[in-house]
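> Pasting a predicted model and its sequence here:
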Amino acid sequence: MTLVLSGLTKAYGGLRVVDNVSLSVPSDGLVGVIGPNGAGKSTLFSLATGFLAADSGTVSFDGRDLTAVAATGRARAGMVRTFQVPREFTHLTVRENLMAAAPGQAGEGLLAVFFRPGAIAAEERAIAARADETLAFLRLDAVAATPAGRLSGGQKKLLELGRALMTGARLILLDEPFAGVNPVLIEELSARIRDLADRGVGFLIIEHDLRALTRLVSTLHVMDRGRLIASGAPAAVLAEPAVRDAYLGGAAA
Ligand SMILES: Nc1ncnc2c1ncn2[C@@H]1O[C@H](COP(=O)(O)OP(=O)(O)OP(=O)(O)O)[C@@H](O)[C@H]1O
């Protein structure tokens, strides 16, 4: 279940916003990506998950080359992303949002509604049961019937994680999971992410909250102007002069 990004490059009008980036995320790995605004982190996520096509480089997951596979195919392979701004259905309840994220099998074709109603009902029950498990795991049971648009910022991030889990993802790319989240819910989210890693779910996490991120991940990659400038254990990486330079715009010693 290892994700391997190799030599990914993406340019806009001659400017390489992601420039020859290679990194990997082992199954159950907790890996962080940091870097100043505009460093190319979100673009890297889009290249990894197929929301954008790379100019060059490869993406493989679980030993399978997914470079030419579209975003939906990569999600089906077990790799999904969340976005900086949560994309929940605001008028659906929290429980309905979770159920809607589950990939349907039996009910996908309209004909199945007529010819296989039993299979669809059984699948709906299974999805509902998984939604309830996910609600309990994320401690969102109390807001299960609340329209998702009314959740706090932190609860929305928990719901995003839940929606990713409902797809059956084994590797989740989180784009700024702690942005706009209060410290108590940051702890809650971090604890759930750790629980999931213990169960074999891998995470690649973009985050500006360095304190929360470095407590969570075992490996940190730093991007600056499209390139990876440092990788390794968080404390060692943050101590590197090139990293401090990148953050301070070259003003560091
Ligand atoms: N569609 C596009 N066309 C042109 N330039 C783009 C496009 N998308 C992104 N960029 C540029 O690519 C660079 C990297 O953007 P990206 O959003 O990946 O950075 P980031 O590290 O995620 O930043 P932030 O931390 O602010 O979210 C930026 O300079 C941005 O302006």
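Here it is on my side, so go on. Numbering: from 1, shown residues only.
> switch to C-alpha atoms for all contacts and neighbour counts from now on
Fine.
> any idea which helix or strand carries Val80?
strand 79-81 (DSSP states H and E).
> My error: substitute Val59 in the last question.
Going by DSSP H and E, Val59 is in strand 56-61.
> ok, now Val31?
Assigned by DSSP H and E, Val31 falls in strand 30-34.
> same check, this time on Leu174
For Leu174, the host element (DSSP H and E) is strand 171-175.
> Is that strand positioned near the ligand?
No. Using C-alpha under 6 Å from any ligand atom, strand 171-175 never reaches the ligand; the gap is at least 8.4 Å.
> Just want the angle from that strand to strand 30-34.
Here the directions of strand 171-175 and strand 30-34 differ by 30 degrees (axes from the mean of the first three to the mean of the last three C-alpha atoms, to 10 degrees).
> got the residues of the stretch 1-150 of the chain near the ligand?
Of all the residues in the stretch 1-150 of the chain, those lying near the ligand are Tyr12, Val17, Pro36, Asn37, Gly38, Ala39, Gly40, Lys41, Ser42, Thr43, going by C-alpha under 6 Å from any ligand atom.
> Could you identify the buried members of these?
Val17, Pro36, Ala39, Gly40, Lys41, Ser42, Thr43 (16 or more other C-alpha atoms under 10 Å).
> Let's see which of these end up in helices.
Lys41, Ser42, Thr43 (DSSP state H).
> Pretty sure the first one sits against Gly32.
By that I understand Lys41. No. Lys41 lies out of contact with Gly32 (C-alpha atoms under 8 Å); the separation is 10.5 Å.
> Between those two, which contacts overlap?
Ile206 (C-alpha atoms under 8 Å, 6 or more residues apart in numbering).
> what pairs with whatever helix or strand Ser22 lives in, and is each one parallel or antiparallel?
If you go by DSSP H and E, Ser22 is part of strand 15-25. According to DSSP bridges, strand 15-25 forms sheet pairs with strand 3-12 (antiparallel).
> ok, and for the partner strand, which residues are buried?
Applying 16+ other C-alpha under 10 Å to strand 3-12 flags Leu3, Val4, Leu5, Ser6, Gly7, Leu8, Thr9, Lys10 as buried.
> Tell me what the third one is bridged to.
The bridge-partner assignment for Leu5, based on DSSP bridges, gives Leu23, Val59.
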